[in-house]
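Undergrad: Build me a model from this:
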Amino acid sequence: TSGVHWLSEQSEVEWIEPKFERILFNDVADDIVSADVLRSATQMAGINSAWNALDGTGIIVAVSDTGLDNGINNTNMHPDFKDHIVDIHSYGIPPSAQSWVNAPYNDGASDLDSGHGTHVAGSVLGDGTQSSGAITGIAPEARLYMQATEVWTDWTTAAESNFGYTDDYTLMGIPDDLSEMFDAAADNGSHIHTNSWGASVAGQYNINSMQTDHSARNHSGMLILFAAGNSGTDANSNGEVDHDSMGSPATSKNVLTVGASENNRSTITSEWGAWWSTDFPQDPINSDKMANNSEGMAGFSSRGPVDDGRITPDVSAPGTFILSTKSRQTTDTGWLAHSNSDYTHMGGTSMATPITAGASALLYQHLIDNLGYTDPTSALVKGIIAVSAH
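TA: Okay, the predicted model is just below:
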C-alpha cells in the first residue's frame, strides 16, 4: 500500500486505478428482434421490391469470449460453425501477470469450462446444421473471427497466499490494452466486435472504457458491442431493481451497450425470487416469471445511469433461456439442457449481446447490399438500432 501511495505522488503518473477482474456476463429471440422478417425474401420484397433477404452474407463478426468448441477449425469443429470461420486466435496470459501464474500461459482456444463462447457465437451466426436448420443464430451466413481469452490459471503459491486466489478458468487472456483485440479484428475485416464480458464497476468509466472508446473511433467502420453486466439486484427490498450497476467497458461512450430483456417461453415457469432470493426478495419482482414478457427487463440486467450521468444501456434484447450452440468439450448445460445435446439454454446480458450483434450484422448487410453503402459507419448502425428500438 505504501508503494502505491508513493507511486501516486510521482509527477510522471497521470492515473491509477484498481485492476478489476473480468467475468462472463451470461430460436425465440429471432422473432422478437424481427430477424425472421429480414431473412424472408417474400417479406422483404413486400417492403421494397428491390430489397433482398438478409442472412449476414458478406459480414464478418469478431467474438471475444472463452473459446469455440474444440478450438480448431477442422473436421471436429461444431458443424454449425465449420463453414463460417475466418480464423481462431487464442490469447494467453499477458507478460504483466505471468509472475503470479505458473506456466503454461496459453491453453488454446477450445471451450472447456462453461461453453460460454460457443453459445455466444452460435447466437450470432450458428447456421443450424446440427438441428436441420431449426436452431440458428440471427445472422446464420455471417463469418466468424474468434478471439479466445479463457485460460486455465494455475496461480503461484504467493498469489494464493497474498490474494486468496484459487486455480480455475479465468479471462486472464484478455490483453491489458484492449486495442490489441480490436486492432486484430479490424485487420481481419470485421464489421462487428461483440463482447459478453466485463468488470463489475458500478458505473465507473475506467481505462478499459477509454481504450474501447479510442478503438471505436479509430475503427469507425467496426461496431463494438458490450454486455451491460449482470449486477441488477433489489438491495433495498422495495420490489424494484436498483440503479447504478453498469459494468465496464460497457460504460464506454462509443459502443453499443446491451441490456437483457426477458425471452418469451410459455413452458418456463421459473421466477426471479426462486432463483435468486437474496437479490430479489420482494414482489413484484420476486414472483415475476423469468421468460414470459418480451417487453420486460431481466431482473439481473445491470442498470444505468453511469457515473457521469449518461443513460445506459443503449438497447436491450432477449437474455433469459436463450437456446444456442453447446460446446461439445464440456458437460455444462448452463441454465437448461436441451433434447439435442449440441444445444443448450443460457441466460445473461451475455446472451442478449450476441443477439444484438447478429441483428447488427443483418443491418450492415442491408446498408451494403440493398442501399448501396460501401463502408457504413458504426455510428450509423448504432444510431439506427437505438432509434428503431421500442
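Undergrad: where along the stretch 201-350 of the chain do the strands fall?
TA: In the stretch 201-350 of the chain, the strands defined using DSSP state E, counting those that start in this stretch lie at 223-227, 247-248, 256-261, 315-318, 322-325, 336-337, 343-346.
Undergrad: The last one pairs with which strands, and in what direction?
TA: Paired with strand 343-346 in the same sheet, following DSSP bridges, are strand 322-325 (antiparallel), strand 336-337 (antiparallel).
Undergrad: same question for the first one, mean pLDDT?
TA: Looking back up the chat, that one is strand 322-325. Mean pLDDT, computed over strand 322-325, is 97.
Undergrad: Check the shortest one too.
TA: Along strand 336-337, the predicted confidence averages to a pLDDT of 96.
Undergrad: Same check on stretch 149-163?
TA: For stretch 149-163, mean pLDDT is 96.
Undergrad: what comes into contact with that stretch?
TA: Here stretch 149-163 makes contact (CB atoms under 8 Å, 6 or more residues apart in numbering) with 64-67, 91-93, 99-102, 105-107, 111-113, 116-117, 165-174, 197. Every C-beta, even on glycine, is put in place using the N, C-alpha and C of the backbone.
Undergrad: Next, report how far stretch 102-112 is displaced from the centre of its chain.
TA: Remark: stretch 102-112 is offset 21 Å from the chain centroid, using CA atoms, centre = their mean, to the nearest Å.
Undergrad: Pull up the distance across it, start to finish.
TA: Start-to-end span of stretch 102-112 (CA to CA, to the nearest Å) is 19 Å.
Undergrad: Other residues contacting it?
TA: Outside stretch 102-112, the residues within contact range by CB under 8 Å, 6+ apart are 66-72, 88-93, 98, 117-118, 146, 148, 150-152, 154-156, 169, 173, 327, 329-330.
Undergrad: thinking again about what came up before, redo the strands of the stretch 201-350 of the chain as TSV? Include distance to residue 11 and mean neighbour count.
TA: As requested, these are exported to TSV (distance: least, CB to CB, whole Å; neighbours: other CB atoms under 10 Å):
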stretch	distance to residue 11	mean neighbour count
strand 223-227	34	30
strand 247-248	27	27
strand 256-261	36	30
strand 315-318	43	26
strand 322-325	50	30
strand 336-337	56	14
strand 343-346	49	24
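Undergrad: closest one to residue 80 among these?
TA: With CB to CB, the closest approach to residue 80 among the strands of the stretch 201-350 of the chain belongs to strand 322-325: 5.3 Å.
Undergrad: mind exporting that closest one as CSV, just the C-alpha atoms?
TA: What follows is strand 322-325, C-alpha atoms only, in CSV (Å, rounded to 0.1, in the frame of the first residue of the first chain):
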residue,chain,number,x,y,z
ILE,A,322,-31.7,-18.4,-24.8
LEU,A,323,-31.2,-21.6,-26.9
SER,A,324,-27.9,-21.8,-28.8
THR,A,325,-24.9,-24.0,-29.6
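Undergrad: rewinding a little: can you flag which of the contacts of stretch 102-112 belong to helices?
TA: Here DSSP state H is the test, and the contacts of stretch 102-112 give 117-118 as lying in helices.
Undergrad: among the contacts of stretch 102-112, which ones are buried?
TA: Buried subset of the contacts of stretch 102-112 (neighbour count, 16 or more other CB atoms under 10 Å): 66-71, 88-93, 117-118, 146, 148, 150-152, 154-155, 169, 173, 327, 329-330.
Undergrad: Go through those and flag which are in strands.
TA: 88-90, 146, 148, 151-152, 154-155, 169 (DSSP state E).
Undergrad: how about TSV for these, with distance to residue 368 added?
TA: What follows is these, written out as TSV (distance: CB to CB, whole Å):
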residue	distance to residue 368
88	25
89	26
90	31
146	23
148	28
151	36
152	40
154	46
155	47
169	38
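Undergrad: which one of those residues sits closest to residue 190?
TA: Comparing these against residue 190 with CB to CB places residue 146 closest, at 10.8 Å.
Undergrad: Show the contacting residues for that closest one.
TA: By CB under 8 Å, 6+ apart, the contact list for residue 146 reads 62-63, 65, 67-68, 85, 87-89, 109, 117, 121.
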